[in-house]
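**Student:** what follows is a predicted structure for the sequence shown.
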Amino acid sequence: MGRTNIAVEDEIAGSLADEASKENKTVYALANEAMKAVLRVCDEGGKPDDVYVSWFFVRILRDLDSVPIPGDLLEKMVKALYAADSDSLLKYWFEEGVRTGAYLHLSSPKIEGLSSEVRALSQANLLPVKRVEIRGEEDSKVVIRVIGAGLSMESTKCAEAFIKGIVSAYSLKVVGSSVTGSIIELKVSK
């Protein structure tokens, strides 16, 4: 098969050459390997950005010793456990939020910088949410709005406890919280 020249930005070409050198491969071999992976994802209906999101998801699962659970099963488990002992269940979700927050803190030292990581986590279905918005306010507070957090009030309350755990890992204090349907809004003080 013949070779074809493809134009890329200088920065990408440099990064590709550096990575090829680290992996003891030619730029040609690494570029082919990368493009085959991306094209396979696209051929299956995905997008090039899905490659990073999927890798990020797998890395977090491995690093946090987590396993994916089907949403319907998780919802049933949460409802059953919430009915049996809601205090303990919310405590466990909070503790897992603290653990996840400590992990996220490594790559995003400021909570406002979490937007891209949280977006990747929610796209990969690692967080049971549809959308997360983090924005600073003038009075040195941060508002965190989570939309699509759970199918029931029980699972939304668990998601709220999880997010409060993440916030506490950033040494921030929740000064206000409201849950309406599957929407959570936290006001956080710096």
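**Tutor:** That came through fine. Residues are numbered from 1 along each chain as shown.
**Student:** which other helices and strands does the helix or strand where residue 86 lies contact?
**Tutor:** Per DSSP states H and E, residue 86 falls inside helix 71-107. Using 3 or more Cβ pairs under 8 Å, 6 or more residues apart in numbering; DSSP states H and E, the elements in contact with helix 71-107 are helix 115-123, helix 153-169. From N, CA and C alone the C-beta is placed, and that goes for glycine too.
**Student:** what distance separates it from the centre of its chain?
**Tutor:** 15 Å (Cα atoms, centre = their mean, to the nearest Å).
**Student:** again with stretch 46-65
**Tutor:** Put simply, stretch 46-65 sits 9 Å off its chain's centre (Cα atoms, centre = their mean).
**Student:** and if you look at stretch 131-142?
**Tutor:** Computed by Cα atoms, centre = their mean, the chain-centroid distance of stretch 131-142 equals 18 Å.
**Student:** in that stretch, which residues are buried?
**Tutor:** Neighbour-count burial for stretch 131-142, with 16 or more other Cβ atoms under 10 Å as criterion, is recorded at 132, 134, 141-142.
**Student:** swap in stretch 33-46?
**Tutor:** By neighbour count with 16+ other Cβ under 10 Å, stretch 33-46 contains the buried residues 38, 41.
**Student:** buried sites along stretch 84-93?
**Tutor:** Judged by neighbour count (16+ other Cβ under 10 Å), stretch 84-93 contains these buried residues: 89-90, 92-93.
**Student:** now, among those residues, which is nearest to residue 7?
**Tutor:** Ranked by distance to residue 7 (Cβ to Cβ), those are led by residue 93 at 48.7 Å.
**Student:** correct me, but that closest one touches residue 158?
**Tutor:** Yes - with contact defined as Cβ atoms under 8 Å, residue 93 reaches residue 158; the gap is 4.4 Å.
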